[in-house]
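> I would like the atomic coordinates for the input below:
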Amino acid sequence: MRRCLGWMMCCGLLLGGIGGAVAQSAKTPAVRTVLVLGDSLSAAHNIPIESGWVSLLDARLSNMVPKAAAVNASISGETSLSGRNRLPTLLQKYHPSVLVIELGANDGLQGLPLSALRDNLSAMIDAAQKAKIRVLLLGIELPVNYGPQYRDGLRAIYADLARTKHTALVPFLLEGVALDPSKMQDDGLHPVASAEPQVLDTVWTQLAPLLK
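Predicted structure coming up:
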């Protein structure tokens, strides 16, 4: 399967590390809340916050009946370990119905052991499911120079966890976007604002059933 040829997905790691949290304040209590825990791909890097896919998701949810809302707890440069450490406080604060996890790219780009990534993602899923929260995993891809063994191993983590823990899965968040230069910023790493609706549509295919 051809994915991400020649493309580097650093999600903030090469762009200054941990940035400020792009967290939307809690709105009027909604029937359902979708909590997004991710890195710069979900934090609207270098585009207006309202153009990011999570803000677009919030707008879509607000038009549903009953009304729902999205909370963006994504931080540029986030790793699976830092996300794991933040998650308990976020769950206690927002009590989401659905948790969307978009983490792992920065782990991969640092060449961290895949076992550590799996352990962190597994712990986040377990914490959410213990609280009866549905989970959606958003997979990532690494550049080809990381080698097929590492890239395939990282990809398999998402598929295996989704299967064994019965979560929803988007295999690749930027499917149909990452290899199209017209849809990517000059850094070659993040989508332009006009491509964010397509990113949302990719997420929505697996998120919508969790809201029923």
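> And the closest residue to A70 other than its chain neighbours, what's its pLDDT?
Take A70 and drop its neighbours on the chain: the residue closest to it by C-beta to C-beta, 6 or more residues apart in numbering is D58, 3.9 Å away. Bear in mind the C-beta positions are built from the backbone N, C-alpha and C, glycine included. D58 carries a pLDDT value of 98.
> what's the answer for E141, then?
What the model reports for E141 is a pLDDT of 89.
> and it, how far is that from L211?
26 Å (C-beta to C-beta, to the nearest Å).
> Which one of the two is surrounded by more residues?
Neighbours were counted for E141 and for L211 using other C-beta atoms under 10 Å; E141 has more, 24 against 15.
> tell me the SS of that one?
With DSSP: H, G, I helix; E, B strand; the rest coil as the basis, E141 sits in coil.
> hang on, isn't it packed against E175?
No - contact criterion C-beta atoms under 8 Å: E141 and E175 do not qualify, at 9.2 Å.
> Kindly indicate whether T89 is helix, strand or coil.
helix.
> low-scoring stretches of the protein, by residue?
In the predicted model, the chain carries pLDDT under 70 at residues 1-31.
> I'd like the distance from the biggest strand by length in it to the chain centre, please.
In the chain, assigned by DSSP state E, the strand with the most residues is strand 32-38. A distance of 10 Å separates the centroid of the chain from that of strand 32-38, by C-alpha atoms, centre = their mean, to the nearest Å.
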